[in-house]
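K.L.:
Based on what follows, work out the 3D shape:
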Amino acid sequence: MIEFLTYLLTIIGIWAILALSLNLQYGLTGLVNLGHIAFFMLGAYGSTILTVVVGTNVVVGLIGGVLLAAAFGALIALPTAHLQQDYWAISTLAAAEIVRLFFKNTTIGGTYQGGPHGYSDIPQPLLDTLGNQGFGIFYLVLVAGFVALSWGLVQWLTGMPFGRALKAIREGDEVPRALGKDARWLRIRAMALGGGVAGLAGVLYAHFNAFVDPTYFKPLETFIVWSMVILGGAGNHLGALVGSLIIQAIYNSTRFLAGAVPIDADTLGSLRMVAIGVLIILVIMFLPNGLVPERVRRYAHTRRRQGSD
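P.N.:
Here you go, the predicted model:
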């Protein structure tokens, strides 16, 4: 049970970072990114190729994976930053599938490395020194530290003038333009920043799982991230953390129900997606702003005194 809780909390932390990155793009900026899993994949594959194929250390792999995902975010935003919301969503979905199919059909490394075979034996820092149980606890602490760092980063960005400009984009391009802001450039920066944070989650996932292949990064996984943001409350970074906790708890709880209900494992695994879908429908119907709604900032004003001094 302790090992499972350690695993579950680690996975929750990794997906919490991914949810924070989507909340930065959608909750803060209003960008409907249906290909968000591509950044997760690029972080995982970027670090994996650097450490497994090139032979660098894990720190270099982490930096490389984050930079690769951030660069991809800026790259796909450059030609699409002027598109309307629906066309933007379609273009991001297409971009994510291009990335997944590229890695699925491209072999980088040995004969059985890359492509549909994926990558195994991804370095796990301090595993030989700490052992399996010690490594699990160490990695949980490491992920918790990165969750705190990511949350602090997005909170800091939200409170800056840059964050307020991103919120203005949600209301339409006319608002930032009236303030002298370039909406296109703000979108590009939001995509790059969100992509980099999502890439960090991918790096952590790859070195925790020690194996990745293209089947881990299908469009369904983007739906999981979206469900976290919608459930928690778009625009509220704390809500993204709450949504991650609830969705991942549901997603990983079916293993305990296998012997308690007369349903085969495959059907039970599919029902967890039904449960998440029903939960999202109920939230949209009764709590459209999520469990932890975004706080609307109100500015105090002073009433001018009337009369003569």
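
K.L.:
next SSE after the helix or strand of the chain with the lowest mean pLDDT?
P.N.:
Least confident element among the helices and strands of the chain, by mean pLDDT, DSSP states H and E: helix 254-257 (a mean of 68). As assigned by DSSP states H and E, the chain's next helix or strand after helix 254-257 is helix 265-286.

K.L.:
buried ones in that next one?
P.N.:
Residues of helix 265-286 classed as buried: R272, I276, L279, I280, V283 (neighbour count, 16 or more other CB atoms under 10 Å). C-beta: built from backbone N, CA, C; applies to glycine.

K.L.:
Check stretch 181-199 too.
P.N.:
Along stretch 181-199, these residues count as buried under the neighbour rule (16+ other CB under 10 Å): 181, 183-184, 186-199.

K.L.:
Might you specify the subset of these located within helices?
P.N.:
Counting by DSSP state H, the part of the buried residues of stretch 181-199 found in helices is 183-184, 186-199.

K.L.:
Out of those residues, flag the one nearest to V54.
P.N.:
Using CB to CB, G199 comes nearest to V54 of these, at 17.1 Å.

K.L.:
mind listing what that closest one touches?
P.N.:
Going by CB atoms under 8 Å, 6 or more residues apart in numbering, G199 touches F39, F40, L42, G43, G46, G65, V66, L67, L68, A69, A70.

K.L.:
ok, now with 10 Å
P.N.:
By CB atoms under 10 Å, 6 or more residues apart in numbering, the contact list for G199 reads 17-18, 21, 38-47, 62-73.

K.L.:
quick one: which of these sit in helices?
P.N.:
Per DSSP H, the contacts of G199 map to helices at 17-18, 21, 38-47, 62-73.

K.L.:
Just the buried ones from those residues?
P.N.:
If you count burial by 16+ other CB under 10 Å, the buried members of those come out as 17-18, 21, 38-47, 62-73.

K.L.:
With adjacent residues omitted, what lies nearest to G196?
P.N.:
Distances taken as CB to CB, 6 or more residues apart in numbering place A70 nearest to G196, at 3.5 Å, with adjacent residues excluded.

K.L.:
Let me know whether the one you found touches G43 as I believe.
P.N.:
Yes - proximity of A70 to G43 meets the contact threshold set by CB atoms under 10 Å, at 9.3 Å.

K.L.:
Overlap of the contact sets of those two?
P.N.:
Counting by CB under 10 Å, 6+ apart, the shared contacts of A70 and G43 are G195, G196, V197, A198, G199, L200.

K.L.:
which one of the residues you listed is nearest H237?
P.N.:
Once CB to CB is applied, the member of those that ends up nearest H237 is V197, at 11.1 Å.

K.L.:
in terms of contact, does the closest one touch L28 like I think?
P.N.:
No - counting by CB under 10 Å, V197 sits too far from L28 to count as a contact (12.0 Å).

K.L.:
list the residues that contact both of those two?
P.N.:
L22, V154.

K.L.:
give me the number of residues near the residue nearest to I280 when sequence neighbours are not counted?
P.N.:
The spatially closest residue to I280, leaving aside those adjacent along the chain, is S227, at 5.3 Å (CB to CB, 6+ apart). For S227, the number of neighbouring residues by other CB atoms under 10 Å comes to 23.
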